[in-house]
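>>> sequence and predicted structure below; questions after.
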Amino acid sequence: MDAKSAISIIRALSSLSWRWDELSWRAAAQQLGLRESRAVRGRISYLSPENETLSAYFDGDRLEFVEVTLDLFRDPELLSEEGYTEKIAEFREKFEELVGLTTALLGDPVFCGPSSAEEFPEDQDALRLALWPVREARLMIEQKHEDKELPIRVSVVLAPA
């Protein structure tokens, strides 16, 4: 995770006005200088000018959320129990570093905590997240690991407010 490119992405995404439809998203993607790399039903993937992967998820023509994976470890199922614990701790440190950088940019988050917290957003699937309200949206830094065969990652997610 390159802190400079992460902040650049967060600054760009938090400055947009969000209308949450495909037409508005395509205009925003062009404004952000994104290059479409792959489209499958319900998702369009892009490369940012910083070469980060960004995906926009749709339900019909409604934009559901945007996710930028800033760092990932692909094969957690190959780790020993101790190695897995260490990798989760490593990604928690990356999460906390990114939360600190985002706090310096946007101020204190309105929520920062684990998925077990009562205030955790019900529509998110992450181990922990930090949340900032921005222009018709929620910007979230998330530490994710949905299943043992899936990558461990730190992401920036934008979803409707």
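Alright, I've got the coordinates.
>>> longest strand in this protein, please.
Counting residues, the longest strand found in the chain (DSSP state E) is strand 62-73.
>>> by how many degrees do the very next helix or strand once past it and strand 62-73 diverge?
Beyond strand 62-73 on the C-terminal side, the first helix or strand identified by DSSP states H and E is helix 81-106. On the basis of axes from the mean of the first three to the mean of the last three CA atoms, to 10 degrees, helix 81-106 is oriented at 130 degrees to strand 62-73.
>>> relative to the helix or strand just after helix 81-106, what are the paired strands and their orientations?
Later in the chain than helix 81-106, the nearest helix or strand by DSSP H and E is strand 111-114. The strands beside strand 111-114 in its sheet (DSSP bridges) come out as strand 128-134 (antiparallel).
>>> okay, buried residues for the partner strand please.
Of the residues in strand 128-134, 128, 129, 130, 131, 132, 134 count as buried by neighbour count, 16 or more other CB atoms under 10 Å. (Each C-beta comes from the backbone N, C-alpha and C, glycine too.)
>>> and what of stretch 107-127?
Those would be 109, 112, 120, 121, 124, 126, 127, for stretch 107-127 by 16+ other CB under 10 Å.
>>> stretch 23-33 now?
25, 28, 29, 32.
>>> give me the distance between the closest residue to the last one other than its chain neighbours and residue 66.
Closest residue in space to residue 32, ignoring its immediate chain neighbours: residue 12 at 5.6 Å, by CB to CB, 6 or more residues apart in numbering. Residue 12 sits 11 Å away from residue 66 when distances are taken as CB to CB, to the nearest Å.
>>> is it true that residue 51 lies in a strand?
No. Counting by DSSP: H, G, I helix; E, B strand; the rest coil, residue 51 is located in no strand; its state is coil.
>>> what does it show for phi and psi?
The phi and psi values for residue 51, taken as degrees, to the nearest 10, are phi 70, psi 30.
>>> which residues sit in contact with it?
Applying CB atoms under 8 Å, 6 or more residues apart in numbering to residue 51 gives no contacts.
>>> and the gap between it and residue 2?
Counting by CB to CB, the gap from residue 51 to residue 2 is 10 Å.
>>> same deal with residue 28?
Taking CB to CB, one finds residue 28 at 22 Å from residue 2.
>>> for residue 80, same thing?
29 Å.
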